[in-house]
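J.: take a look and give me a structure for this.
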Amino acid sequence: MADSLSRITSMLETARDLTLEAAAVASAKLAETPTHLRPQEVSSLLSSRAERDVLKGLKYITLLISKGEDASQFFTDVVKNVSSSNLKIRKLVYTYLLRYADKENDLALLSINAIQKSLGDKNEQVRSLAIRVMSEIKIGSIYPIVLLGIKKCVNDQSPLVRQSAAISLVKLFNNYGESSKDELVESIKKLLKDTNVNVLGSTILAYRDICPNNFDLLHGHYRRFISLLDEFDDWSQIYTIEIFTNYARLYLPKPKIINTASDNDHEFIELPESYNGIPFPVYDVEYHPDLLSFLNKIKKLTYSRNEAVVLAVGRSYFHLTPPKTFREAQIPASLVRILLTGSKETQNFVLQSILYMAIHDSTNFVQYEKRFYLLPKDDFNNSQFKLKILSVICNENNIKSIITELQYYVLNSEDPRIAVESVKSIGICSQISEFWSSKILKWLLNELSNSNRDKLITSEFLNVIRYLVQQNKIMNIKTVAKLSLLLDNGLLVEDARETVIWLVGEFCGIESKLAPDILRKLMKNFSYETTAVRYQIILLASKVYSYDLENYKEQTNDINLDNYKFDGTISELFSYAINLGRYDDDYDIRDRSRMFYSLLNSKQTQLASLILQAPKPVPIVALKRINDPLEISGTAKENLILSLPIDDIVRDYNTLPNWNETNSLPPDSIRDEFEVKAVAKSISPQSLNTINSEENFKKNGLKSFTPQYQQKKYKLQSLDDFFANEIPIPTTSSKRKVIYKEESESESSSEEETSEDSEEEEEEEDEGEEDEEEEEEEEDGDEDEDKDDAGDEEEGEENQEENEEKEENGNGKPQTKADLY
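T.: Below you'll find the model as predicted:
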């Protein structure tokens, strides 16, 4: 028991010592990178002659950069170490220059010679960083040098250097613009023939930034790039998919839509410009082989972890295929899945893309209705697009659930902006049918009287009510009368009162008895109203008076108004309102009152009628449902697309070139693959040693100079033979000079030997064994090909001398160290 306890205690102490030792090593490692240094200390470290201090200072600067702090004040001290022989120091210096070379171009120019020499460095990482640093320097005088360096790196043996050359092409184009385009395109043309997928990915990026419309470079690489698409990194896949989507619209024929519901198998149409323009209830799709291979290849990428890849695939399917293929490829499900896993910024972009697609065909996303319900974590930007999507995918089957959800947001949302957007969405959903329009209008009127509601929400209520009322004025006279009652209780805010008064004025021509009575009530508190409401009262008085004059002319045919009663009730109300307006405090009200008085005080009232009685546009144009903007061509189509409620970046992302006409398409032979030659790999020392020179001599018709006795024929051995033979340990051949010294018999026969002599004897025994092994190797003829006959004779003499030495020492007894020296 005691032994067990002691052993456990010993193990615990050992573990404790190891833990303390590991902690000490870790702290020492961390101490190599200081966390707090003064600028003077950093400068002194960078100016030190000791590489350790310089490396310490560079690590501290790298630490500052990683924290997002500005380290440009050390630029001069860092550049001084650009020619350092230490590889780590040069890498850190180049990394620093990549960050700040564009800010200190003049100082960076001092190091251009050292950086240019690094393009021939043996280390591929140094060459890679060197070309990238050179391309960051924005000085026109070194443009030829940088371009020459890029051309050199394009043909480099290392894929890393060629990839950096492709990235440098973009930097060079950004620095020098279109003037350098022709020369850079030649380098892109060479890099497109590369076999390394990393190099090709960076080349695609350079192509996208420098010459995105030069599709002639891609014809011979189209099929090869598609076959390598799943080997690219995520961002290379994105750019490749976007580029080849545009390529397909220009150089591949449209898919054929074949009517399968008809008995005529030959009835088909090409994919129409309108996304919903397919007239067949049931159809099949026939694709060009090159387009089909592209679609099949990117279909697998819908399960990518990168949201941008999924979005690029969705864009391609939306613009290249009909709705049937779009749904079969599970593109809607992939886009909706991003809403659960992506960041807020990504979700916002995806929601706008879904809105763009749903506006063209809402059936693609109807089944995912509940995925667009608001979540507590949703911010306003994402919430507003979710609400717009709900209003777009609303139909007779799901309107009840969507309206209920939107009403809940209006009444319970803590953010008034979300409530306002919900009211707008309710207005869009009301267009489904007259039944739902009247039902929604009734709900809005009931909620309008709530005085505790935010002013923005109440104002939006009235905007939707105005929109709904103007759709059918005759059927909504009672609604306007009910709204006018709200003007008496003083519960409406300024914007709401202004809206209701304007709406009453629009109904003067339909119900002539309603507006004069409302005007009479409003004139009592004219001086207490706000500026906007006072102007609407004067406008209402002018409309009432104008309609009264027109009705009198139609009934009596008295065009000159000779018998009109200018002392009537309506005329008096108009005069009273105009007099109040002509002496109002507000300049605009005074000017407009005088204008209306001048238009209506003469017998010729045609101009006044044209201004006051002209049909007004629907106040909320954004609430109109957009069926399909692609059904309209030309300028009207562009205007509708520009009016979509999405950001410009999403609109530009979904703007593609038009399909090319079938008659003008080039032949398929232009996509025959180019011959791609692999870049020769660098030869390592090991590969040099393994080169069989004898085979090279045979190829050139020469005979080998290897002696015949050294050539050995090998044969297969059995397992028993293999283990029976002693495997010699390879040793390097060494030449020794043996010095013979005579020794007396008494000394040789001495029985007292020190421990040192015994050790020396053991060493000599080992040497003797080595000599025996050398003899076996010579008998086998396994010596190098370059040994000449003279060398063989010398070795023979040495072996003979060693035999004589053994005989003299008595039956091969090894010599002592004293014998040799």
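
J.: distance check, the residue most central in space within the chain against T404.
T.: Geometric centre of the chain, nearest residue: A308, 5.5 Å, by CA atoms, centre = their mean. For A308, the distance to T404 equals 35 Å [CB to CB, to the nearest Å]. Using the backbone N, CA and C atoms, a C-beta is placed for each residue, glycine as well.

J.: try Y368
T.: Using CB to CB, Y368 is found at 18 Å from T404.

J.: per-residue pLDDT, P619?
T.: Note for P619: predicted pLDDT of 57.

J.: the helix or strand containing F318: how far from the chain's middle?
T.: For F318, the element it lies in under DSSP states H and E is helix 307-320. Offset of helix 307-320 from its chain centre (CA atoms, centre = their mean, to the nearest Å): 13 Å.

J.: tell me the mean pLDDT for it?
T.: Helix 307-320 comes out at a mean pLDDT of 95.

J.: now for that helix, which elements pack on it?
T.: Under the contact definition 3 or more CB pairs under 8 Å, 6 or more residues apart in numbering; DSSP states H and E, helix 307-320 sits against helix 234-251, helix 289-299, helix 323-328, helix 331-341, helix 344-360.

J.: what's the closest of these to D454?
T.: Distance to D454, taken as CB to CB, is lowest for helix 344-360 among the helices and strands packed on helix 307-320, at 24.7 Å.

J.: who are the packing partners of that closest one?
T.: helix 307-320, helix 331-341, helix 380-392, helix 648-653.

J.: V197 is nearest to which of the ones you listed?
T.: With CB to CB as the criterion, V197 lies closest to helix 307-320 of the helices and strands packed on helix 344-360, at 15.4 Å.

J.: what does the closest one contact?
T.: 234-235, 237-238, 241-242, 244-245, 248-249, 255, 291, 294-295, 298-299, 301-302, 304, 325-326, 329, 331, 334-335, 337-338, 341-342, 346, 349-350, 353, 357, 653-654, 656 (CB atoms under 8 Å, 6 or more residues apart in numbering).

J.: repeat that for stretch 156-164.
T.: Counting by CB under 8 Å, 6+ apart, residues outside stretch 156-164 touching it are 124-125, 127-129, 131-132, 153-154, 165, 191, 194, 196, 198-199, 201-202, 679-682.

J.: and the buried ones among those, selectable in ChimeraX?
T.: Selection of buried members from the contacts of stretch 156-164 for ChimeraX, criterion 16 or more other CB atoms under 10 Å:
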select :124,125,127,128,129,131,132,153,154,165,191,194,196,198,199,201,202,679
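
J.: out of everything not next to it in sequence, what's closest to L250?
T.: Spatially, and ignoring its direct neighbours in sequence, L250 is nearest to N660 (5.1 Å; CB to CB, 6 or more residues apart in numbering).

J.: so the one you found sits against N246, correct?
T.: No - between N660 and N246 there is no contact under CB atoms under 8 Å: 11.2 Å.

J.: correct me if wrong: T662 contacts K254.
T.: Yes - the pair T662 / K254 is scored as a contact, 7.2 Å apart, by CB under 8 Å.

J.: which one's more surrounded, Y368 and T404?
T.: Y368 (18 against 9; other CB atoms under 10 Å).

J.: any low-confidence regions in this protein?
T.: Within the chain, the stretches with pLDDT under 70 are 1-36, 263-265, 451, 490-491, 617-644, 677-821.

J.: so what are the domain limits for it?
T.: 30-215, 218-329, 474-626 (automatic domain parsing).

J.: tell me if I258 really is in a strand.
T.: Yes - assessed with DSSP: H, G, I helix; E, B strand; the rest coil, I258 lies in a strand.

J.: tally of neighbours for it?
T.: The number of residues near I258, taken as other CB under 10 Å, comes to 17.

J.: for it, list each beta-bridge partner.
T.: F268, D284 (DSSP bridges).

J.: how close does it get to Y283?
T.: As judged by CB to CB, I258 and Y283 stand 6 Å apart.

J.: please apply the same query to Q157.
T.: On the measure of CB to CB, Q157 and Y283 end up 53 Å apart.

J.: between those two, which one's more packed in?
T.: Under the criterion of other CB under 10 Å, the comparison of Q157 against Y283 puts Y283 first, with 19 against 13.

J.: what sits against the spatially closest residue to E136 that is not a sequence neighbour?
T.: Nearest residue to E136, sequence neighbours excluded (CB to CB, 6+ apart): A101, at 3.9 Å. A101 sits next to A108, V133, E136, I137 when contact means CB under 8 Å, 6+ apart.

J.: before we move on, the earlier item: can you get me a residue count around the residue nearest to L250?
T.: 16.

J.: are we agreed that it is in a strand?
T.: No - under three-state DSSP, N660 falls outside any strand and is assigned coil.

J.: please state the backbone phi and psi of it?
T.: Main-chain dihedrals, N660, degrees, to the nearest 10: phi -80, psi 150.

J.: quick one: it from H219, how far?
T.: With distances taken as CB to CB, N660 is found 14 Å from H219.

J.: go on, N81?
T.: As judged by CB to CB, N81 and H219 stand 48 Å apart.

J.: comparing these two, which residue is more hemmed in?
T.: Between N81 and H219, N81 has the larger neighbour count (other CB under 10 Å), namely 23 against 17.

J.: list the contacts of the more buried one.
T.: Per CB under 8 Å, 6+ apart, neighbours of N81: L46, V54, L58, I89, R90, V93.

J.: do that again at 6 Å, thanks
T.: Residues counted as contacts of N81 (CB atoms under 6 Å, 6 or more residues apart in numbering) are V54, I89, V93.

J.: tell me which element the second one is part of?
T.: Element membership for I89, per DSSP H and E: helix 87-100.

J.: list the buried residues in that helix.
T.: Buried, per 16+ other CB under 10 Å, within helix 87-100: I89, R90, K91, L92, V93, Y94, T95, Y96, L97, Y100.

J.: so which elements touch that helix?
T.: Helices and strands touching helix 87-100, by 3 or more CB pairs under 6 Å, 6 or more residues apart in numbering; DSSP states H and E, are helix 51-66, helix 75-79, helix 124-136.

J.: list of residues touching it?
T.: In contact with helix 87-100 (CB under 6 Å, 6+ apart) are residues V54, L55, L58, S72, F75, V78, N81, V82, S84, L129, R132, V133.

J.: as a markdown table, these with distance to F380 would be great.
T.: What follows is those, written out as a markdown table (distance: CB to CB, whole Å):
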| residue | distance to F380 |
| --- | --- |
| V54 | 51 |
| L55 | 50 |
| L58 | 45 |
| S72 | 38 |
| F75 | 43 |
| V78 | 45 |
| N81 | 51 |
| V82 | 50 |
| S84 | 53 |
| L129 | 44 |
| R132 | 41 |
| V133 | 44 |
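
J.: list buried residues within these.
T.: When the contacts of helix 87-100 are checked for burial by 16+ other CB under 10 Å, the buried set is V54, L55, L58, F75, V78, N81, V82, S84, L129, R132, V133.

J.: that older thread, got CSV for the helices and strands packed on helix 344-360, with distance to A541 too?
T.: As requested, those are exported to CSV (distance: least, CB to CB, whole Å):
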stretch, distance to A541
helix 307-320, 54
helix 331-341, 53
helix 380-392, 38
helix 648-653, 44
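
J.: out of those helices, which gets nearest to K67?
T.: Nearest to K67 among the helices and strands packed on helix 344-360 is helix 307-320 (27.6 Å), distances taken as CB to CB.

J.: if we can go back for a sec, closest to L539 among the contacts of helix 87-100?
T.: S72 (62.4 Å).

J.: for S168, give me its contacts.
T.: I131, R132, S135, I150.

J.: switch to 10 Å and redo it
T.: 128, 130-136, 146-147, 149-150, 153-154, 184, 187, 202, 206 (CB atoms under 10 Å, 6 or more residues apart in numbering).

J.: and what of I338?
T.: Applying CB under 10 Å, 6+ apart to I338 gives the contacts E307, A308, V310, L311, G314, T346, Q347, F349, V350, L351, S353, I354.

J.: give me the number of residues near Y587?
T.: By other CB under 10 Å, 8 other residues sit near Y587.

J.: ok, it to I115 distance?
T.: Distance, Y587 to I115, by CB to CB: 69 Å.
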